[in-house]
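Chemist: sequence and predicted structure are below.
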Amino acid sequence: MSTHAITSQKVNFKVFRFNADEDYLPYYENYEMDVTSEEVVLDILNRIKWDNDGSFSYRRSCRHGICGTCAIKVNGRSTLACKESMTNMIEYFGNELTLEPLSKSRAVKDLIIDKGDFWAKNDAIHPYLVSHIDEHPEMECAVTPEQANALNDADLCIQCGACHYACPVVEVNEEFFGPAAFAKAYRFEADVRDDAHTTRLIELNAENQGVWDCVKCMECAEVCPKDVDPIAKITSLHNMLFSEGVAKSNVATRHAVGFKHSIARNGVLDEGGMVLYSEGLGVVKHLPLALKMFRKGKIVPPWAITKSDNLDEIQKLVKSSSTVKF
Amino acid sequence: MGKLKYALFTGCTAKQSTPEQMISTMAVADKLGIELVELTEASCCGASHLQDYDDFLSLVLNARNIAYAEKHDLTMVTICNTCQLNTAMTKHRLDNNADLKTRVNEKLLEVGLEYKGTSLVTHFLYAIIDDIGLDKIAEMVVTPLSQFNIAPFYGCHNIRPSELQNETHKTPENPYNPRSLDDLIIACGGQTVDYEEKNKCCGFHVELQAPKTSAILAGKAVAGAMDNNADFIVTPCPLCHLKLDTQTDHLSTAIGREVALPVLHMQQMLGLALGCDSDKLGLQHHVEKVDFI
Ligand code: SF4
Ligand code: SF4
Ligand code: FES
């Protein structure tokens, strides 16, 4: 039994309402409620439905942070409704809370969205073990604890979509696989039993849909209720692209590799040189901008760059600590 | 209280594409009575790209940078969000993984250095809020910016992931309802502009490989600030500054409407309020003209 006293306070909820079959535009309904310190966000959704409006719709099933259906946005933050305590939300945002679906543009009925794009991307990365296993094996396929640890908790994902609908790239580029699909792809890429390796990696390497279009906003790391840390998996996938020889020389890979060369030369980055190195001949399209910046004293030519002091140390470390060839 | 002293990790941008940020940092530090020891030995932090290619090399180089701050026995302050994230992330990983720390130190030993984990790594914005305090800063303001609506643009790598970021400073920041920059604007006497994109991504890091995505994100940010009557944007990150300031023609094309606003570095805004000479703020280095003063 909890030794804390249960407290209660008034909260005003502004709730997104929409019925795709009837409404042209969504609208917001206000509900003022006494909220106790013991409640989670899902309790509030239930009370709105049970006490105020039986037609109010949202998804939930397990109420234990397992099924992944109940994710919504509270004041713009992707949140797993059955896991997030109201005390936290009030501490975070105060007593005016807005409840919205994960994606307003995909809303079907109130907080329920069409998650079709999420599942399509999930399916596109081949979310299963690709393995040639003997039909009549003599013994089980043993995985050591160390090998299991390599998954780095990617297997904890409950596919709630919180990260996917928090990702700004998903919002503007419909080809982009998105953080959940990447985390799922990593979950299999890191599995010793999986044989798909390069086939899956080739798709993850592709322009527009693959990992190179991730803008590193860290939204996915912030919102994941299971601490899957999708961006860390994306970094690991980048590393695999190089180690498995899948990365091709293009503007994105040269951009990553160029840092090493620039650091080895100057310690600091040669910012103009980096664009030149990454783009190759494509650099011409940056010339108008470069000229504009040059006029404002925003471009330092390579010969005028102040190199790091003790550059020899940096050069030695670049040599001795490099773990990747490209 | 003795004089505040920090080890300054300038990052590459302040020395090249945003010289105005470098000089305004110095001018503001001077006004606030802060001594900055520049870490001239530091290398580039890898800018969130090097680790995609070679994670271990990125750790070693960032650990080396921190080791120099430790040699001075000073807190390291950064003036770029991405430097902040890369450096703080390195620190976090080494401080929480003894084996990794040993492997990194084996390399650093080759050049006679050691990463100990004794220096904090914090962004200049949080350093002054924590160590000087907003009230004190407000008292030092001589030219309140009261006639301006100022749109804060926080930049991803100072606020997310919050668990990591909040280890680096005392005043906790909620990435969904951030306050630091708003509070600094208020301390400077300005009006803060609330808009949806203030804690969103500027798109800088995919500028080369996904120019359209990048331009749409930046365009929406400037549009959001304009639609809420901002006179200018202010940011703690030189990369956000570059993205929002230097190519508004691309941003406008990407989102299908004309957008443009001056984008000040937080140091420049603070410098204006603290009465720094305008030639020490480098406002002439902006592509979007800063013609309101
Ligand atoms: S870090 Fe990358 S994948 Fe994660 S939300 Fe941001 S853009 Fe999307
Ligand atoms: S990675 Fe986390 S946020 Fe994304 S779908 Fe899986 S559990 Fe949800
Ligand atoms: S109801 Fe199953 S995760 Fe919330």
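Modeler: Nice, thanks for sending it over. Ligands and ions are numbered 1, 2, ... in the order given.

Chemist: where along chain A do the helices fall?
Modeler: With DSSP state H, the ranges of helices along chain A come out as A:41-47, A:86-93, A:116-124, A:145-149, A:168-172, A:179-189, A:197-205, A:219-223, A:230-243, A:251-266, A:271-279, A:287-295, A:311-321.

Chemist: these: lowest mean pLDDT?
Modeler: Comparing mean pLDDT across these, the weakest is helix A:271-279, with a mean of 83.

Chemist: what sits up against that one?
Modeler: A:251-252, A:254-255, A:258-259, A:261-262, A:283, A:285-286, A:290, A:299-302, B:12-13, B:16-17, B:208 (C-beta atoms under 8 Å, 6 or more residues apart in numbering or on different chains). For every residue, glycine as well, the C-beta is placed using N, CA and C.

Chemist: same thing but 6 Å
Modeler: Residues from elsewhere that reach helix A:271-279, judged by C-beta atoms under 6 Å, 6 or more residues apart in numbering or on different chains: A:251, A:254-255, A:258, A:262, A:283, A:286, A:299, A:302, B:16-17, B:208.

Chemist: the residue in chain B positioned nearest to ligand 1 - nearest residue in space that isn't next to it in sequence?
Modeler: Of all residues in chain B, residue B:201 sits closest to ligand 1, with a separation of 6.8 Å (C-beta to the nearest ligand atom). Leaving out its chain neighbours, the residue that sits closest to residue B:201 by C-beta to C-beta, 6 or more residues apart in numbering or on different chains is residue A:217, at 3.8 Å.

Chemist: pull the contacting residues for that neighbour.
Modeler: Taking C-beta under 6 Å, 6+ apart as the test, what residue A:217 contacts is A:168, B:156, B:201.

Chemist: can you check residue B:258 too?
Modeler: Taking C-beta under 6 Å, 6+ apart as the criterion, residue B:258 is in contact with residue B:252.

Chemist: can you verify it is assigned to a helix?
Modeler: No - counting by DSSP: H, G, I helix; E, B strand; the rest coil, residue B:258 is not part of a helix but coil.

Chemist: got CSV for the contacts of residue A:217, with distance to residue B:244 and neighbour count too?
Modeler: Output for the contacts of residue A:217, formatted as CSV (distance: C-beta to C-beta, whole Å; neighbours: other C-beta atoms under 10 Å in any protein chain shown):
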residue, distance to residue B:244, neighbour count
A:168, 15, 21
B:156, 13, 28
B:201, 11, 28
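
Chemist: would you turn these into CSV with distance to residue B:189?
Modeler: Below are the contacts of residue A:217 laid out as CSV (distance: C-beta to C-beta, whole Å):
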residue, distance to residue B:189
A:168, 32
B:156, 28
B:201, 29
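
Chemist: quick check, pLDDT for the residue of chain B lying at maximal distance from its centre.
Modeler: Here chain B reaches farthest from its C-alpha mean at residue B:110, the gap being 31.7 Å by C-alpha atoms, centre = their mean. In this model, residue B:110 is scored at 97, pLDDT.

Chemist: ok, residue A:2 next?
Modeler: At residue A:2, the pLDDT recorded in the model is 52.

Chemist: for ligand 3, find the nearest of the helices of chain A.
Modeler: Ligand 3 lies closest, by C-beta to the nearest ligand atom, to one member of those: helix A:41-47, at 6.4 Å.

Chemist: what sits up against the closest one?
Modeler: Contacts of helix A:41-47 (C-beta under 6 Å, 6+ apart): A:58, A:60, A:70, A:81-82, A:84.

Chemist: give me the distance from that helix to the chain's centre.
Modeler: Distance, stretch centre to chain centre, for helix A:41-47: 27 Å (C-alpha atoms, centre = their mean, to the nearest Å).

Chemist: what does chain A put close to ligand 2?
Modeler: A:157-163, A:179-180, A:183, A:223-224, A:226, A:228, A:230 (C-beta under 6 Å from any ligand atom).

Chemist: from those residues, list the buried ones, please.
Modeler: Using 16 or more other C-beta atoms under 10 Å in any protein chain shown as the burial test, the residues of chain A next to ligand 2 include A:157-163, A:179-180, A:183, A:223-224, A:226, A:228, A:230 as buried.

Chemist: picking up where we left off before, tell me the one of the contacts of residue A:217 nearest residue A:20?
Modeler: Residue A:20 lies nearest to residue A:168 out of those, by C-beta to C-beta, at 24.5 Å.

Chemist: my guess is the closest one meets residue B:202, correct?
Modeler: No - assessed by C-beta atoms under 6 Å, residue A:168 is found out of contact with residue B:202, at 9.9 Å.
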